[in-house]
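need a structure here:
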Amino acid sequence: MKPVLIKPFLVGAALAACLSPATAAEPVHYAVQQRWDLGPATRWDYLAIDTQRNRLFVTRGDRLQVLDAASGKSVGEIPNTAGVHGVVFAQDLKLGFTSNGRANTVTVFDLDTLRVERELAVKGANPDAILYEPATRKLYTFNGKSKDVSVFDAASGKQVATIPVGGKPEFAATDGKRVYVNIEDKDEIVAIDAATDRVLSHWPLAGCDEPSGLALDTAHARLFSVCGNRAMMVTDSASGKVVARIAIGDHPDAAHYDAGTATVFSSNGAGTLSVVRQLDADHYAPAVEVPTVKGARTMAFDPASRRVFLPAVVDKTFTMVVVGP
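The predicted structure is shown next:
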């Protein structure tokens, strides 16, 4: 469990060379800072940071591992989450939720105590990505096998809607009015009205193969989809128009947008973290590839420290790779 410091790989010079004069004065350096040994290798998928309690939640196949985000030390565990894919938080309700793909359930737990409160049945097959929309207090599971979205009232746990999306949903994002989700096998984004739970649009992502990770810049109304053919597509979240395409690393899975530094990240299973600087809403510097480890395909981002957490198996050990500025 003890963090092991490794020699940083600084990419600031390369990043600075890619930026316009207006942004090159303040280059952002990213490096692998630590590796945390988290025990025997297991399956994993998404992870998320509870920023209010500084806890990192890591899905481990049949359980949820909870770590102190500063040190990597274990602070608890949530058991019996069969086939867990994702975890999300409702800070206003002080609740967390996991999507359990094999059990077709959602586990509801208390964020302060980590005590399991209840389990919700999902009227869909293989809940994968999971999203909480605080404006409506709705919880969404994106169900891979049934190709639909289950909508719950997060406070009561009652399922209030099922939304067919016509394909396999992957990562999702919300701006408070709409919910957006990548449809992996259709190469498109579906936009859903958060108030009525109805599909508004199917937007094709021409030039994007199997979109997975999705991030959102709400200030500029831009969506970032990472694609299996080493591309990041930038889409206008109002119109669905693709406004930019950026080359990124191989086998991307997750994406995140940091509004504080106008930076988009893509975690790539081939062993890199693509770091893309936003010059303005429609223009982006070429990606800088920060070496990580092979298999580090999903991630969580801590906005306070601006560290990126990337799980992977290294020498048969489940390992958290920590990248920071």
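
make it CA atoms for all contacts and neighbour counts henceforth
Fine.

Kindly report the domain assignment for this protein.
1-40+213-325, 41-164 (automatic domain parsing).

Turn the ones you listed into TSV, including mean neighbour count, distance to residue 184 and mean pLDDT.
Formatted as TSV, the domains of the chain follow (neighbours: other CA atoms under 10 Å; distance: least, CA to CA, whole Å; pLDDT from 0 to 100):
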stretch	mean neighbour count	distance to residue 184	mean pLDDT
domain 1-40+213-325	20	9	86
domain 41-164	20	10	97
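
between those domains, which gets nearest to residue 193?
Distance to residue 193, taken as CA to CA, is lowest for domain 41-164 among the domains of the chain, at 10.7 Å.

Report the separation between the two terminal residues of the closest one.
35 Å (CA to CA, to the nearest Å).

Adjust the sequence numbering to begin at 187 for everything that follows.
Noted, 187 is the first residue going forward, which turns the last one into domain 227-350.

quick one: it to chain centroid distance?
Centroid separation between domain 227-350 and its chain, computed with CA atoms, centre = their mean, to the nearest Å, is 13 Å.

Check stretch 412-425 too.
Its chain's C-alpha centre and that of stretch 412-425 lie 15 Å apart, by CA atoms, centre = their mean.

Give me the distance between the two termini of it.
Taking CA to CA, stretch 412-425 runs 19 Å from one end to the other.

Repeat that for stretch 337-347.
5 Å.

How about the residue nearest to the spatial centre of the chain, nearest residue that isn't a chain neighbour?
For the chain, the residue nearest the mean C-alpha position is residue 440 (5.1 Å; CA atoms, centre = their mean). Nearest non-adjacent residue to residue 440, counting by CA to CA, 6 or more residues apart in numbering: residue 399, 4.0 Å away.

quick one: which helix or strand includes the residue nearest to the centre of the chain?
In this assignment (DSSP states H and E), residue 440 forms part of strand 438-444.

which element follows that strand toward the C-terminus?
strand 449-454.

Next, the angle from that following strand to strand 438-444.
In terms of direction (axes from the mean of the first three to the mean of the last three CA atoms, to 10 degrees), strand 449-454 departs from strand 438-444 by 160 degrees.

Pairing partners for strand 449-454, with directions?
Strands that pair with strand 449-454, judged by DSSP bridges, come out as strand 438-444 (antiparallel), strand 458-466 (antiparallel).

Dump these into CSV; add distance to residue 313 as well.
Converted to CSV, the strands paired with strand 449-454 look like this (distance: least, CA to CA, whole Å):
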stretch, distance to residue 313
strand 438-444, 17
strand 458-466, 27
